[in-house]
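Asker: Coordinates for the following, if possible.
(2 chains)
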There are 2 protein chains.
Amino acid sequence: MNVKDLMEHDQNDPLRSFRKLFHLPKGVIYLDGNSLGPAPLKVFQEMETVLRQEWAEDLIRSWNSANWWGLTDRLGGMVAQLIGADANEVVVCDTTSVNLHKVLHAALSLNPGRNKVIAEADCFPSDLYVIEGVKSLRQDIEILLEGSDADCITDLLDNRVGAVLINHVDYRNGHIRDMVSLTRAVHDVGGIVIWDLSHSAGVLPVQLKNCEVDFAVGCTYKYLNGGPGAPAYLYAASKHHSECNQPLIGWFGHVRPFNFERSFEPATGIRRFVCGTQPILSLRALQAGLEIYQDTNLNQIRKKSMALTQLFISLLESECASWNLEIHSPLEASQRGSQVSVRHPQAYAVMQALIARGVIGDFRAPDLMRFGFAPLYIRYQDVQEAVEHLKQILENEEWNQETFLQKATVT
Amino acid sequence: MNVKDLMEHDQNDPLRSFRKLFHLPKGVIYLDGNSLGPAPLKVFQEMETVLRQEWAEDLIRSWNSANWWGLTDRLGGMVAQLIGADANEVVVCDTTSVNLHKVLHAALSLNPGRNKVIAEADCFPSDLYVIEGVKSLRQDIEILLEGSDADCITDLLDNRVGAVLINHVDYRNGHIRDMVSLTRAVHDVGGIVIWDLSHSAGVLPVQLKNCEVDFAVGCTYKYLNGGPGAPAYLYAASKHHSECNQPLIGWFGHVRPFNFERSFEPATGIRRFVCGTQPILSLRALQAGLEIYQDTNLNQIRKKSMALTQLFISLLESECASWNLEIHSPLEASQRGSQVSVRHPQAYAVMQALIARGVIGDFRAPDLMRFGFAPLYIRYQDVQEAVEHLKQILENEEWNQETFLQKATVT
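Answerer: Numbering: from 1, shown residues only, chains lettered A, B, ... in the order given. Next comes the predicted model:
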């Protein structure tokens, strides 16, 4: 397709109206929505309301009058719609890592006699640190990793498996794991499955309930556009609510918090997974991000996502074949999340040169450039322009400058 | 003192210039800063900057360019100045309850052979839930409570004590515990002490380092005016950093987070206590609250705090002697935090009637009205007016109405 065709493609895009709901800086092609989504325009007004009216004017009364108290549950209900769960099975609170601590304990509590925890060696490393943290409390736990102890999770399954933690979409290469078959395989040996949806929710249909998933966690500042460090979500299948236990308890999860009782009695339902008082301002910003999704169709989003990543790969192959690029994501669209990762020996410097030109993706050690394609605001013409910039950078060795070679704290 | 004297007192108040740094709604006398502080005027501009420039315009780059990455530590350094700690001993992150989970584990890890945890039966209940949560992971732990197992913490101390958790100022009655003598007593038996500073930091001088305190936690949305549910802080004496262990680990506490290594290796220093990605918007609002404190003198604040609470008690005694009020806070100012609690059989309804008149305090079950006096924005004349309203409400039984008697979700 030539540029004119791509612009026509954008004209006919059924999702084209969503782009104008975001603030996208002039001169920027933002291919890092898989790391931090852009600001929804509505968030500015929303924050004015919560700052100037709810906090400044109404003060403490807003816990009731603005229902700050119910915010974790209300936002949980909005996330639930995106991941195929019931509203009372999802709550928004804390961070992905803290929520993972909770659900891993909860999962193991359902299978007290079992001591194996399985994960992917190449999953997001914080997930591995959480497992390490839980193991520090239970010396009997044995950690087995796909990609290190065996080629595939299924080879590690037996009747000593307590919990299996799987990243739905790989944060490096964008590979999608099959939720249906893996969940079934774990259940077949009596294990409990936990899915980390950080890189899938919002860009592809997720069906937790249909797949009979036990627990899930995920991040809201990527494709859900919740703002920097926005609180995370936690899903627990309703059948587990009253059976499981997790140690991160606190007054926000008490059944009668304002009775100030000495003993903990968990709230009924998903609320028991909340521990302390939650950051209302960050939650309210997230609300603006989630509201955009109320009018979307995830099948439509997924369709465009596959088309965008496919176009990017095709253009890389046709335009950038002369340089040392290696596509590190699945070439089959159905296996690929909404990102394409590309290897290059100077990946860090090349990415800095791209950013200097306004094409923002990111770098993951040691040699990966990641490009995320969020279908709600990325156009086909953006993909073409991004590849054109990349081509010029490689052609002129524009990346080979001191300023691009030196690494910043956050990469 | 008559009204004219009080206004003169306000004129001569060395802290009078701070009041204009806050948004205080018209017609409101805000005596609930011990629960949720008012909005600093600067927060509106600060949030414009973080929303419109750092997030919306600069996007992912702000992790470096706006130093979002260092925010937990930078704010920690600002809190450190208020609690007598070194900058590298305090970090702002997560919630008070989650931080308490961390430091309780850390404290017990320093004394692996000891299994007793001591706390106050009447401390903020979430603190007790945290101890319960830790005990659920270590069945050998024995919990002993002052006010239930003995009259005083010191009666419970022996060489099996691992950790002692003490609330610096009691959330109900405002009673101050003696940090010097209690810390020494715990250390004398080889125990580790944890102080919860939620109701003391910002209204009285706290000297963690001078008192050789091991760990502390606290909340920032009360006297520190950080905004609803603002992230909490965690203090760990530097000598413990490399010796202690806590299980709530995650990538933000890794020594090389952007190497994405499979094994956890804690950051040096206080950063190891951070787990997942923190809510930047809420942190930035807190920054505005903490900046106000940069120009304050805590001895001056404490002096005014004692004068305000003393005036309130004196006026209650002179103006409201005819009704069933019982002062539930220490009558000796040196023993009292910055709040006065008053018992009344219809405390909830009386407080609702006060709120309807614009005098905002709060209620704690079963029969307590709490009045907080934040010296940075409360005037002596506010105290007089508040008592006048209370008197009229009691005189006319104004509280005895359906609308005031019915309890809301959050009290």
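
Asker: What is the burial count for the residue of the stretch 251-400 of chain A found nearest chain B?
Answerer: Residue nearest to chain B within the stretch 251-400 of chain A (C-beta to the nearest C-beta): A:G276, separated by 2.8 Å. In this view, the C-beta of every residue, glycine as well, is placed from N, C-alpha and C. Residues contacting A:G276 under the criterion other C-beta atoms under 10 Å in any protein chain shown number 27.

Asker: Tell me who's in contact with it.
Answerer: By C-beta atoms under 8 Å, 6 or more residues apart in numbering or on different chains, the residues touching A:G276 are A:G250, A:W251, A:F252, B:D94, B:T95, B:T96, B:S97, B:V98, B:S126, B:A232.

Asker: Just give the closest residue to A:D140, not the sequence neighbours.
Answerer: A:N115 (4.7 Å; C-beta to C-beta, 6 or more residues apart in numbering or on different chains).

Asker: Equivalent analysis for A:Q207, please.
Answerer: Spatially, and ignoring its direct neighbours in sequence, A:Q207 is nearest to A:G84 (3.8 Å; C-beta to C-beta, 6+ apart).

Asker: Likewise for A:L315?
Answerer: Distance criterion C-beta to C-beta, 6+ apart; nearest residue to A:L315, sequence neighbours excluded, is A:V387 at 4.2 Å.

Asker: And for that neighbour, the neighbour number?
Answerer: Applying other C-beta under 10 Å, we find 22 other residues in the vicinity of A:V387.

Asker: In which helix or strand does it reside?
Answerer: Applying DSSP states H and E as the criterion places A:V387 in helix A:380-395.

Asker: Out of the contacts of A:G276, give me the two with the largest separation.
Answerer: Taking C-beta to C-beta, the two most distant members of the contacts of A:G276 are A:W251 and B:D94; they sit 14.5 Å apart.

Asker: Of the two, which one has the most company?
Answerer: Shown here are A:W251 and B:D94; by other C-beta under 10 Å, B:D94 has more neighbours (31 against 24).

Asker: how close does that one sit to chain A?
Answerer: B:D94 is 7 Å from chain A, where distance means C-beta to the nearest C-beta, to the nearest Å.

Asker: So that residue is in contact with B:A232, correct?
Answerer: Yes. Checked against C-beta atoms under 8 Å, the pair B:D94 and B:A232 is within contact range at 6.2 Å.

Asker: Would you map the helices across the stretch 251-400 of chain A?
Answerer: Using DSSP state H, counting those that start in this stretch, the helices of the stretch 251-400 of chain A run over A:280-293, A:298-319, A:347-356, A:380-395.

Asker: what's around the residue in the stretch 1-150 of chain A that chain B sits nearest to, how many residues?
Answerer: Nearest residue of the stretch 1-150 of chain A to chain B (C-beta to the nearest C-beta) works out as A:T95 at 2.8 Å. Per other C-beta under 10 Å, the neighbour tally for A:T95 reads 27.

Asker: and the spatially closest residue to it that is not a sequence neighbour, how far is that from A:C93?
Answerer: What sits nearest to A:T95 in space, not counting adjacent residues and going by C-beta to C-beta, 6+ apart, is B:G276, at 2.8 Å. Noted for B:G276: a distance of 12 Å to A:C93, by C-beta to C-beta, to the nearest Å.

Asker: what touches both of these two?
Answerer: With C-beta under 8 Å, 6+ apart as the test, B:G276 and A:C93 both reach A:A232.

Asker: Contact residues of the stretch 201-350 of chain A facing chain B?
Answerer: For the stretch 201-350 of chain A, the contact set with chain B under C-beta under 8 Å from any C-beta of the partner chain comprises A:219, A:221, A:227-232, A:245, A:247-252, A:254, A:258-264, A:275-283, A:285.

Asker: From those residues, list just the buried residues.
Answerer: A:219, A:221, A:227-232, A:247-252, A:254, A:258, A:260-262, A:264, A:275-283, A:285 (16 or more other C-beta atoms under 10 Å in any protein chain shown).

Asker: Verify the stated contact: the residue nearest to A:L315 with A:F312.
Answerer: Yes. At 6.7 Å, A:V387 and A:F312 qualify as touching, with contact defined as C-beta under 8 Å.

Asker: re the thing from before, among the residues of the stretch 201-350 of chain A next to chain B, name the ones in strands.
Answerer: A:A232 (DSSP state E).
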